[in-house]
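Novice: Quick one, fold the following:
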Amino acid sequence: MPAPASNKRVKNKRISRNIIIGSEAFTLPPPGDPARPKGIPDDHTKRWTVYVRQPQGDPDFSIWLTKVSFKIFNTYENPLRVCENPPFEVTETGWGGFTIDIRLHFSPLSGEKAQYRQHFLQLEKYGDEKQQARQEAEGCVRSEYLEVVQFNEPTEGLFDALTNENQWDYLQDRLKGGKKNAMLGIGPDGKPKRGFPGGEQTAQLPVKGGVDVPFSQEQEEGLIQVIREKIGVVEREFEEEVKRQEQTNKRLKELRAELGHEAALQAAQQASGDRSRRR
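Specialist: This is a model prediction of the structure:
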């Protein structure tokens with residue numbers, strides 16, 4: 001019996017999606033300060049948030065990412081925190097950093113098992129003097145990185161979801177925040193901006209390149225053509241070198257036959273002595 005269509009794999013296709021994994025930490029007012037929130041232990045000096053976020057302008061990741069689990073330090077109450085809807089984040093207070101285990105759960109239509117990531121909760125300033133000065137001025141220590149999630153030969157259901165136009169619908173919300181937001185959210189073509197910076201509209205590279213489109217199928221084909229031409233040059237030079245080597249070996253064999261064994265041996269010894277003296 002054939003497998004259900006949603007479980008069939010799309011051969012020779014791979015789709016990647018970006019996520020941001022990071023944390024932010026803010027210094028708490030000292031104990032006794034009226035601005036300090038109530039109920040926080042006196043030894044807690046920071047309020048922090050660990051998160052999994054979607055890069056600005058990327059396709060809606062809630063289409064494929066349905067749940068995120070955060071395993072924080074076991075001294076916290078209920079150390080396993082599960083977020084079943086965006087925002088995927090956990091906020092707590094504390095005094096020291098530690099490693100947080102993160103588990104990414106995918107949509108059932110993906111047929112994919114959960115993936116694991118880790119993030120170190122950075123509470124203190126870090127980096128060079130300029131970076132630390134910026135953290136001091138902002139009052140925030142932010143530590144984050146861009147992580148790539150790859151779906152190799154995705155199911156047909158997941159492939160359809162990752163190439164469907166509705167993954168961009170959330171960008172329409174930018175148009176509802178006044179003139180400034182509309183200017184930020186609209187591209188030269190009058191449509192919502194997508195991706196970085198010109199944006200992708202499907203999982204495939206755009207056909208044509210441009211000022212705001214760093215990669216395209218056209219550029220890819222041009223690069224492939226340049227590589228093929230260079231490979232051809234190397235192959236021709238290699239063939240010529242092989243021919244020269246064959247000619248040299250043939251001539252050497254002829255000279256040995258003309259001189260005879262003893263004369264050839266003497267010539268070889270003489271040449272070896274000449275090389276020794278030159279050193």
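Novice: And for residue 221, the neighbour number?
Specialist: Counted with other CB atoms under 10 Å, residues neighbouring residue 221 total 11. All C-beta atoms are positioned from the backbone trio N, CA, C, and that covers glycine.
Novice: measure it to residue 228 for me?
Specialist: Separation of residue 221 from residue 228 (CB to CB, to the nearest Å): 10 Å.
Novice: Find the nearest non-adjacent residue to residue 68, please.
Specialist: Leaving aside its chain neighbours, residue 68 sits nearest to residue 88 (3.9 Å; criterion: CB to CB, 6 or more residues apart in numbering).
Novice: Show me the beta-bridge partners of the one you found.
Specialist: Beta-bridge partners for residue 88, by DSSP bridges, are residue 52.
Novice: Please tell me how far it sits from residue 141.
Specialist: From residue 88 over to residue 141 (counting by CB to CB), the distance is 20 Å.
Novice: who's more crowded, these two?
Specialist: Between residue 88 and residue 141, residue 88 has the larger neighbour count (other CB under 10 Å), namely 26 against 23.
Novice: what does stretch 79-95 contact?
Specialist: Here stretch 79-95 makes contact (CB atoms under 8 Å, 6 or more residues apart in numbering) with 28, 40-41, 43-54, 62, 65-73, 76, 121, 123.
Novice: Next, check those against the strands and list the overlap.
Specialist: 46-53, 65-71 (DSSP state E).
Novice: And those, which two are furthest apart?
Specialist: Farthest-apart pair in the ones in strands among the contacts of stretch 79-95 is 46 and 66; separation 30.2 Å (CB to CB).
Novice: and residue 210, what pLDDT?
Specialist: pLDDT for residue 210: 61.
Novice: still on that earlier bit, what subset of the contacts of stretch 79-95 is buried?
Specialist: Burial by neighbour count, judged by 16 or more other CB atoms under 10 Å, picks out 28, 40, 44-54, 65-66, 68-72, 121, 123 from the contacts of stretch 79-95.
Novice: who's residue 26 bridged to?
Specialist: Beta-bridge partners, per DSSP bridges, of residue 26: residue 47, residue 140.
Novice: excluding its backbone neighbours, what's nearest residue 120?
Specialist: residue 99 (5.2 Å).
Novice: Is there a neighbour count for residue 24? I'd like the number.
Specialist: By other CB under 10 Å, the residues close to residue 24 number 19.
Novice: Surely it is within a strand?
Specialist: Yes. Applying DSSP: H, G, I helix; E, B strand; the rest coil, one finds residue 24 inside a strand.
Novice: Tell me how far it lies from residue 92.
Specialist: 12 Å.
Novice: cool, residue 170 as well?
Specialist: Counting by CB to CB, the gap from residue 170 to residue 92 is 28 Å.
Novice: and what of residue 152?
Specialist: Residue 152 is 35 Å from residue 92, by CB to CB.
Novice: The two: which has the busier surroundings?
Specialist: A count of neighbours by other CB under 10 Å puts residue 92 above the other of residue 152 and residue 92, at 18 against 12.
Novice: The more buried one: which element?
Specialist: strand 88-94 (DSSP states H and E).
Novice: Repeat that for residue 265.
Specialist: Counting by DSSP H and E, residue 265 is found in helix 217-278.
Novice: Residue 123 reaches residue 142, doesn't it?
Specialist: No. Residue 123 is beyond contact range of residue 142, at 11.2 Å (criterion: CB atoms under 8 Å).
Novice: Which residues are in contact with each of the two?
Specialist: residue 25.
Novice: What count of nearby residues applies to residue 237?
Specialist: For residue 237, using other CB under 10 Å, the count is 10.
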